[in-house]
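**Q** Give the three-dimensional model of this entry:
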Amino acid sequence: MIEDNTKYVGIVYHPRVLPNEQLIGKLKGMVADSGYQIWELARGGSGKIASAILKKTILVITLGGDGTFLHGMRLFGPFEVPLLGINFGRLGFLCELQAADALAGIGRFFSGDYVTEKRLLVQASVVRDNKVLARYVSANEVAVHKGGDYRLIRINLEIDGVTLGSVDGDGLLIASPTGSTAYALALGGPVLDPVIDAFVVVPINPFVVMARPIVVPASKPILLRTSEQGAVLSVDGVSHRNMAPQDAIVLCAHPKRAILVRFNAGADFYFKLRDKLHWGFPLVPGD
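**A** Next up is the predicted model:
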């Protein structure tokens with residue numbers, strides 16, 4: 001029996017955010033010239049990549065914006081395939097490279113001039129009568145909220161087996177460190193360094209002013225229950241599920257970590273926090 005030593009590089013792309021076909025052609029040429037087969041997956045499509053191929057994939061490149069990169073994290077982070085984001089979108093806070101630096105960055109990867117960074121993924125399980133009905137993987141955040149109804153909902157919160165209490169409001173959000181700069185930040189949550197193993201628990205428009213955000217170690221499971229009425233579970237804003245009143249959501253750290261390819265490790269996150277999110281920019285510039 002002849003052993004198949006084929007290795008792959010995956011490309012995940014946003015169909016509407018790829019204006020530079022010439023650049024994409026050169027990128028694919030570099031991959032092929034380096035001796036790797038290419039598989040492609042469109043964001044929003046119904047295609048899947050076989051696990052046998054993923055085991056032989058040395059890199060997944062995302063072409064698009066932060067949403068496309070998060071899509072890649074959700075799909076391939078649990079397989080611990082290294083991910084490299086190339087920004088063809090607007091902000092590009094999570095992507096490591098801008099489009100203009102794509103070819104140089106791919107060259108650095110193939111020459112071994114890079115480091116990797118592990119990121120926490122959130123696992124959310126829907127439980128009813130002690131049975132797991134569904135499991136989801138989140139790169140950014142998991143929210144349990146009222147949906148489109150104009151009403152308050154009450155969510156009971158347990159952390160590490162301890163009943164913390166209940167929150168009346170529009171819902172409750174649990175974010176990863178990566179997601180701390182997304183929806184959680186817009187709700188008034190803290191910014192976490194992305195390599196920290198912790199969750200951010202943020203109430204969504206709480207009725208009581210003392211319901212403030214909490215940072216919880218990722219080693220401590222979180223349990224959410226709604227009382228009397230159901231709610232909607234949303235995962236990274238792309239997967240949604242209607243919950244019955246008896247459903248519970250159990251959140252914990254996924255056993256695998258997403259692996260990100262980095263060329264500028266360490267303080268690069270803080271440069272992006274300053275330059276892209278304008279943290280610390282004064283309202284009135286000083287001298």
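**Q** ok, and what's touching the longest helix anywhere in the chain?
**A** Longest helix of the chain, by residue count under DSSP state H: helix 21-33. Residues outside helix 21-33 that contact it (CB atoms under 8 Å, 6 or more residues apart in numbering) are 9, 11, 18, 38, 61, 63, 99, 102-103, 106-107, 110. For glycine as for every other residue, the C-beta is placed from the backbone atoms N, C-alpha and C.
**Q** what comes up buried for the helix or strand that that helix is followed by?
**A** Counting by DSSP states H and E, the next helix or strand C-terminal to helix 21-33 is strand 37-42. Neighbour counts over strand 37-42 (16 or more other CB atoms under 10 Å) mark 39, 41 as buried.
**Q** could you give the mean pLDDT of strand 37-42?
**A** Computed over strand 37-42, the mean pLDDT rounds to 93.
**Q** next one: stretch 168-188
**A** On average, stretch 168-188 scores 94.
**Q** same question, stretch 209-223
**A** For stretch 209-223, the mean pLDDT works out to 93.
**Q** That stretch: end-to-end distance?
**A** 22 Å (CA to CA, to the nearest Å).
**Q** how much distance is there from that stretch to the middle of the chain?
**A** Relative to its chain's centre, stretch 209-223 lies at 18 Å (CA atoms, centre = their mean, to the nearest Å).
**Q** before we move on, what about stretch 202-216?
**A** Distance, centroid of stretch 202-216 to centroid of chain: 22 Å (CA atoms, centre = their mean).
**Q** Restrict stretch 26-36 to CA atoms and write it as PDB.
**A** Only the C-alpha atoms of stretch 26-36 are listed here, as PDB (Å, rounded to 0.1, in the frame of the first residue of the first chain):
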ATOM      1  CA  LYS A  26      -0.400  34.700  -7.100                       C
ATOM      2  CA  LEU A  27      -1.200  33.500  -3.600                       C
ATOM      3  CA  LYS A  28      -2.500  30.200  -4.800                       C
ATOM      4  CA  GLY A  29       0.600  29.900  -7.000                       C
ATOM      5  CA  MET A  30       2.900  30.300  -4.000                       C
ATOM      6  CA  VAL A  31       1.000  27.600  -2.200                       C
ATOM      7  CA  ALA A  32       1.200  25.200  -5.200                       C
ATOM      8  CA  ASP A  33       4.900  26.000  -5.800                       C
ATOM      9  CA  SER A  34       5.600  25.100  -2.200                       C
ATOM     10  CA  GLY A  35       4.300  21.600  -2.800                       C
ATOM     11  CA  TYR A  36       0.800  21.800  -1.200                       C
END
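**Q** Give the buried residues for that stretch.
**A** If you call a residue buried by 16+ other CB under 10 Å, then stretch 26-36 has these buried ones: 27-28, 30-31, 36.
**Q** any idea of the angle the longest helix of the chain forms with strand 37-42?
**A** Interaxial angle, helix 21-33 versus strand 37-42 (axes from the mean of the first three to the mean of the last three CA atoms, to 10 degrees): 140 degrees.
**Q** Averaged pLDDT, helix 21-33. What do you get?
**A** Helix 21-33 shows a mean pLDDT of 89.
**Q** quick one: terminal-to-terminal distance for stretch 225-243?
**A** One end of stretch 225-243 to the other measures 10 Å (CA to CA).
**Q** buried residues in that stretch?
**A** Buried residues in stretch 225-243, counted by 16+ other CB under 10 Å: 225-226, 230-236, 241, 243.
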